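Engineer: Predicted structure and sequence below. I'll ask about it afterward.
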Amino acid sequence: MKTEKRPKYDNIFEYLDEHYVFKAPETELTTFYKKDIAENQYKNLTGPVKPDRRAFKCPDDAAALVIEFAKAAGADLVGFSAVLKHFVFEGIEIQNNYAVVLGFEMDYDLIATAPELPSGIEVLRAYWRLGSITVKVAEFIRDLGYSARAHHPRGFSGTPPTILHSVSALEAGLGEFGRHGLLITPEFGPRVRLATITTDLELPAGERKSFGVEEYCRTCSICRDACEGDAIPDEKAEVRGFLKYTIDPYKCLPYFAKYDGCNLCVARCPFNKRAVELSKFIDKLK
Ligand code: SF4
Ligand code: SF4
């Protein structure tokens with residue numbers, strides 16, 4: 001069952017800032033990533049649209065050009081969806097009807113160090129790189145003469161989320177949800193970060209994809225057993241009309257803060273494999 005009910009931002013990032021202290025030390029890299037995101041990416045999520053509009057024969061032609069640019073800019077996954085109310089946060093107005101969803105792979109070896117610092121730094125690097133790619137793709141679409149707004153992958157206090165990237169990625173057919181509440185992709189498992197661009201450039205809509213995650217999670221509880229916060233559920237629950245596994249974010253937060261990202265549920269998931277091994281693993285599920 002699907003509902004039109006919209007997600008609500010409950011100030012969880014302010015709660016995080018008020019109640020927890022991040023234990024991991026700042027490094028030169030993390031300082032740079034955060035500064036560049038704040039000073040050069042958040043400020044360029046929108047911009048002027050070029051007056052001469054490029055015409056396309058059909059939405060597929062427009063999609064092919066967007067995919068070519070996004071991949072050249074560094075995106076690992078590109079998909080499309082209509083902008084649906086159930087992935088836009090309450091209070092956020094989006095006039096445009098089309099969404100481009102981008103995925104960016106995080107490094108296998110660095111994520112394998114979770115919950116230690118190299119894994120947290122890798123997450124921040126992914127936010128920084130994907131943020132930069134998202135801003136560039138939105139700018140490229142505006143240069144084609146269409147409005148486009150980048151929705152940054154890293155929400156934080158001061159820059160709360162506008163859209164549920166994982167749900168737009170699900171609708172775009174980039175993956176399936178796992179028990180840990182994260183999108184699992186056939187290319188990289190759960191080891192991806194996601195971002196969205198909304199636009200009035202007419203694009204084709206993707207379709208949801210199924211490749212065995214749902215069935216696998218029914219009998220697997222590796223992420224649940226690994227989670228120190230007991231934040232991952234046994235059973236699905238209804239969320240805005242969808243029956244899905246939903247983690248308890250307030251149980252996750254202490255460990256998220258303690259480990260500067262935690263990531264144990266990503267690192268331990270059996271779908272977290274290098275590309276070739278993951279492809280063989282998924283083939284065996286068929
Ligand atoms: S990030 Fe860590 S604490 Fe949060 S759900 Fe995953 S394993 Fe649990
Ligand atoms: S660890 Fe197991 S239960 Fe958790 S998301 Fe991955 S496959 Fe599903």
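Structural biologist: Great, that's in hand. Ligands and ions are numbered 1, 2, ... in the order given.
Engineer: which residues of this protein score low on pLDDT?
Structural biologist: Within the chain, the ranges that satisfy pLDDT under 70 run 1-4, 157.
Engineer: which residue packs closest to residue 248, ignoring adjacent ones?
Structural biologist: residue 231 (4.7 Å; CB to CB, 6 or more residues apart in numbering). (Each C-beta comes from the backbone N, C-alpha and C, glycine too.)
Engineer: For the one you found, give me the backbone phi and psi.
Structural biologist: phi -90, psi -10 (degrees, to the nearest 10).
Engineer: Give me the neighbour count for the residue lying closest to residue 84 once chain neighbours are set aside.
Structural biologist: Distances taken as CB to CB, 6+ apart place residue 171 nearest to residue 84, at 6.4 Å, with adjacent residues excluded. Residues within reach of residue 171, counting by other CB atoms under 10 Å, total 23.
Engineer: so what's residue 171 up against?
Structural biologist: 81, 82, 84, 87, 205, 206, 208 (CB atoms under 8 Å, 6 or more residues apart in numbering).
Engineer: The fourth one contacts residue 164, doesn't it?
Structural biologist: Translated: residue 87. Yes - between residue 87 and residue 164 a contact is recorded at 4.3 Å, counting by CB atoms under 8 Å.
Engineer: Spit out the residues that contact the two alike.
Structural biologist: With CB under 8 Å, 6+ apart as the test, residue 87 and residue 164 both reach residue 7.
Engineer: So between the two, which is more surrounded?
Structural biologist: Shown here are residue 87 and residue 164; by other CB under 10 Å, residue 87 has more neighbours (25 against 21).
Engineer: From ligand 2, how far out is the more buried one?
Structural biologist: 21 Å (CB to the nearest ligand atom, to the nearest Å).
Engineer: residues touching that residue, list them.
Structural biologist: 7, 163, 164, 167, 168, 171.
Engineer: ok, residue 254 to ligand 1 distance?
Structural biologist: In terms of CB to the nearest ligand atom, residue 254 sits 8 Å off from ligand 1.
Engineer: Show me which residues of the stretch 51-200 of the chain sit near ligand 1.
Structural biologist: residue 180 (CB under 6 Å from any ligand atom).
Engineer: So which residues of this structure form strands?
Structural biologist: Listed in chain order, the strands of the chain (DSSP state E) span residues 77-82, 98-105, 148-151, 176-177, 183-184, 192-199, 237-239, 242-244.
Engineer: what's the third one packed up against?
Structural biologist: So the one you mean is strand 148-151. If you count contacts as 3 or more CB pairs under 8 Å, 6 or more residues apart in numbering; DSSP states H and E, strand 148-151 packs onto helix 117-143, strand 192-199.
Engineer: export these to CSV and tack on mean neighbour count and distance to ligand 2?
Structural biologist: Shown next, in CSV, are the helices and strands packed on strand 148-151 (neighbours: other CB atoms under 10 Å; distance: least, CB to the nearest ligand atom, whole Å):
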stretch, mean neighbour count, distance to ligand 2
helix 117-143, 22, 16
strand 192-199, 27, 14
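Engineer: neighbours around residue 95, how many?
Structural biologist: With other CB under 10 Å as criterion, residue 95 counts 9.
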